[in-house]
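S.K.: Mind folding the following:
(one chain, ligands or ions: 1)
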Amino acid sequence: MQVVDIGANLTHAAFKQDLAEVVARAREAGVAQIIVTGSAVDESLAATRVADRFGLHATAGVHPHHARDCGPSTIAALRDIARHARVVAIGECGLDFNRNYSPHPDQEKWFVAQLELGIELGKPLFLHSRDAHPRFSEILQIHRPEKAVAHCFTGEQAELHAYLDLGLHIGITGWICDERRGRHLVELVRHIPRDRLLLETDSPYLTPRDLTPQPKARRNEPAFLPHILRAVARALGRPPEEVAAETTRNAMAFFGLHESGSSAAAQRPLAA
Ligand SMILES: [Zn+2]
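M.R.: Numbering: from 1, shown residues only. Predicted coordinates:
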């Protein structure tokens, strides 16, 4: 049984000491591929290095928390990083009106700029939205990418249906394992079309609350993705093997990965 973790923040300081072990544990657990999330220009560059080192993939983007740090050179820098063969999406980008680390006008400006970049490059978008519906949907209606995923979906039914109407894929994390905050997701995952469901850990964040024993320092890691898969399969009332195969197929198609787990560009032989 194989799964794909479409969102892991492996450049986070929490993985500094033992990243090789973390990746090895993920592979042993059946995580066939990991998309390393880029959340700022330097982090995106670091994500490509992690992807190179371990044969993984990466995204290039600026998280809304860091929108205030963006400037005239940001998009050119992301465009440059996106040329890397292992970069398979633009993001994460979007809106976060929960923490509000960056002013809303900055968040919106750089969200739009990254949507336009993804559209220009023909790359899928890896989107973050927290307490930002309906503004998030309004922007997507105007700057509409061909392929995009609402990563770490935690919203309510109206929000889910708005995203599905926009044609978005939906990323489900261990939030669904939280018997307090994630109960509504157990019912809502059944509304997601089978070919638009994706799985992710969002490591080192969002450690599944029902994981026993809880990991050291409660750090989440990609090896826990099969645990999340089983929770999703239970919610759907379907065999985990089936959901694993389906979500893996979805991730491969969405990011343009091949059976071996590498992207078309990364498989191309290097010029001599
Ligand atoms: Zn996010």
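S.K.: Could you measure from the residue lying closest to P145 once chain neighbours are set aside over to E138?
M.R.: The shortest distance from P145 to any residue other than its chain neighbours is 4.7 Å, reached at L125 (Cβ to Cβ, 6 or more residues apart in numbering). (C-beta placed from N, C-alpha, C; glycine too.) According to Cβ to Cβ, to the nearest Å, L125 and E138 sit 16 Å apart.
S.K.: Pick out whichever of those two has more residues nearby.
M.R.: L125 (29 against 11; other Cβ atoms under 10 Å).
S.K.: check contacts around that one.
M.R.: L125 sits next to 89-91, 93, 114-115, 118, 145, 147-149 when contact means Cβ atoms under 8 Å, 6 or more residues apart in numbering.
S.K.: Mind doing that once more with 10 Å?
M.R.: L125 sits next to 59, 61, 89-94, 111, 114-115, 117-119, 140, 143, 145-151, 168-169 when contact means Cβ atoms under 10 Å, 6 or more residues apart in numbering.
S.K.: name the helices or strands packed onto the helix ranked longest in the chain?
M.R.: Of all the segments assigned as helix in the chain under DSSP state H, the longest by residue count is helix 104-121. For helix 104-121, the contact count by 3 or more Cβ pairs under 10 Å, 6 or more residues apart in numbering; DSSP states H and E identifies strand 57-60, helix 74-82, strand 87-96, strand 125-130, helix 135-142, strand 148-150 as packing neighbours.
S.K.: And those: which comes nearest V3?
M.R.: strand 57-60 (14.6 Å; Cβ to Cβ).
S.K.: how far out from the middle of the chain is that closest one?
M.R.: 9 Å (Cα atoms, centre = their mean, to the nearest Å).
S.K.: average model confidence for it?
M.R.: Summarised as a single mean, pLDDT over strand 57-60 is 98.
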